[in-house]
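>>> sharing a model that was predicted from the sequence below.
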Amino acid sequence: MSEKTAKRVLRFGLPKGSLQESTLALMAKAGWKVSTGSRSYVPRTDDADLELRLIRAQEISRYVEHGFLDVGLTGADWIAENDSDVHVVCEIAYSKQTTNPARWVLAVPNDSPVKSVKDLQGKRIATELVEMTRRWLKKNGVTAEVEFSWGATEVKAPELVDAIVELTETGSSLKANNLRIVETIVSSYPQLIANKQAWADKWKRKKIETIALMLRGALAAEEKVGLKMNVPRAKLATLLKELPSLRNPTISTLSREDWVAVETIIDEKTVREIIPQLKDAGAEGIIEYPLNKVIY
């Protein structure tokens, strides 16, 4: 591969596992069609400038730091856990199931006497987030044994360990295993991160910035819709008072000079309340449509 060709390829790491489905859906909405095989870690995409890799989120920041990947999507928690020296391009605030950040929480059996971090003195804790848990304990002046968990962490308390530090969005899995949350250690959203040498490369940086722009635009569009409507010009001022908008709405003259077309973007959750109000204010031909991207 020539130097010129090498500079035209951006190696992009996507998280394999719990975030995989939501990440691929976000990529599609941002404009990149990605297809994966059942066992392959090399997805295919319709962008010849991208080489994609599916890698565990826990490992992506290390591969970005060492240059195997130019850019990657991984949680702020794993960047901190690995103490990775990378450039954080931006936060991409999505999760597996909700729009809430993922949380690493201290959890114990429902009948455990542990009520706070201070009660962990001399206890045993299982987690994947070993280093951050140790730092958190040290910050709180607590000495406890922290062991790495290879999975199924929820079932290890109380027989194998006294407490766990586990990742959760809703807490439902913890409740199902008769565990209660004592406190949150850290909250985390995915971050778009870049290798520092890649970020210094003019072409790669431009490509990364384009990806960031499209991903953030796709994310911003998820809770918004577009609205179009026609309204008599004489009632326009009244209608605009009822119409919240992302920016000032677009107003266009129709073939009938006494009517105008109004188009705007609003939060989807307000649609059911506002459409009757718009109708009462004189709007006709109201159309709601989904959005793929909103670029601010």
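That came through, no problem. Residues are numbered from 1 along each chain as shown.

>>> so where do the strands sit in the stretch 51-200 of the chain?
Ranges of strands in the stretch 51-200 of the chain, per DSSP state E, counting those that start in this stretch, are 71-75, 87-91, 102-109, 124-127, 145-148, 163-168, 179-188, 190-194.

>>> right, so those strands: which one is the most enclosed?
Of those, the one with the most neighbours on average (mean count of other Cβ atoms under 10 Å) is strand 71-75, at a mean of 27. For the C-beta atoms, the positions are set from N, CA and C on the backbone; glycine is no exception.

>>> list the neighbouring strands of that strand plus their orientation.
Its sheet considered, strand 71-75 pairs with strand 10-16 (parallel), strand 190-194 (antiparallel) by DSSP bridges.

>>> now that strand - C-alpha only, CSV.
Extracted C-alpha coordinates of strand 71-75, given in CSV (Å, rounded to 0.1, in the frame of the first residue of the first chain):
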residue,chain,number,x,y,z
VAL,A,71,-10.6,6.7,15.8
GLY,A,72,-13.1,4.9,18.0
LEU,A,73,-16.3,5.0,19.9
THR,A,74,-16.0,3.9,23.6
GLY,A,75,-17.2,4.9,27.0
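
>>> report the rounded mean pLDDT for that strand.
Averaging pLDDT along strand 71-75 yields 97.

>>> next SSE after the helix or strand Ala212 falls within?
Taking DSSP states H and E as the definition, one finds Ala212 inside helix 202-221. Tracing the chain past helix 202-221, the next element assigned as helix or strand by DSSP H and E is strand 224-232.

>>> who touches that following strand?
Residues from elsewhere that reach strand 224-232 (Cβ atoms under 8 Å, 6 or more residues apart in numbering): 239, 246, 254, 258-268, 271, 278, 281-291, 294.

>>> how close does the nearest residue to Ile193 once chain neighbours are set aside sit to His66?
Ranked by Cβ to Cβ, 6 or more residues apart in numbering and with sequence neighbours excluded, the top spatial neighbour of Ile193 is Val86, at 4.4 Å. Look at Val86 and His66: by Cβ to Cβ, to the nearest Å, they are 10 Å apart.

>>> comparing those two, which residue is more hemmed in?
Each of Val86 and His66 has its neighbours counted (other Cβ atoms under 10 Å); Val86 has more, 25 against 12.

>>> return the residues in contact with the more buried one.
Ser61, Val64, Glu65, Ile79, Ile193, Ala194, Asn195, Lys196.

>>> buried subset of those residues, written for ChimeraX?
Per 16 or more other Cβ atoms under 10 Å, the buried members of the contacts of Val86 correspond to this ChimeraX selection:
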select :61,64,65,79,193,194,195
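
>>> can the contacts of Val86 go into JSON lines with extra columns for pLDDT and distance to Leu52?
Conversion of those to JSON lines gives the following (pLDDT from 0 to 100; distance: Cβ to Cβ, whole Å):
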{"residue": "Ser61", "pLDDT": "98", "distance to Leu52": "17"}
{"residue": "Val64", "pLDDT": "98", "distance to Leu52": "14"}
{"residue": "Glu65", "pLDDT": "98", "distance to Leu52": "19"}
{"residue": "Ile79", "pLDDT": "97", "distance to Leu52": "20"}
{"residue": "Ile193", "pLDDT": "98", "distance to Leu52": "15"}
{"residue": "Ala194", "pLDDT": "98", "distance to Leu52": "15"}
{"residue": "Asn195", "pLDDT": "98", "distance to Leu52": "16"}
{"residue": "Lys196", "pLDDT": "98", "distance to Leu52": "21"}
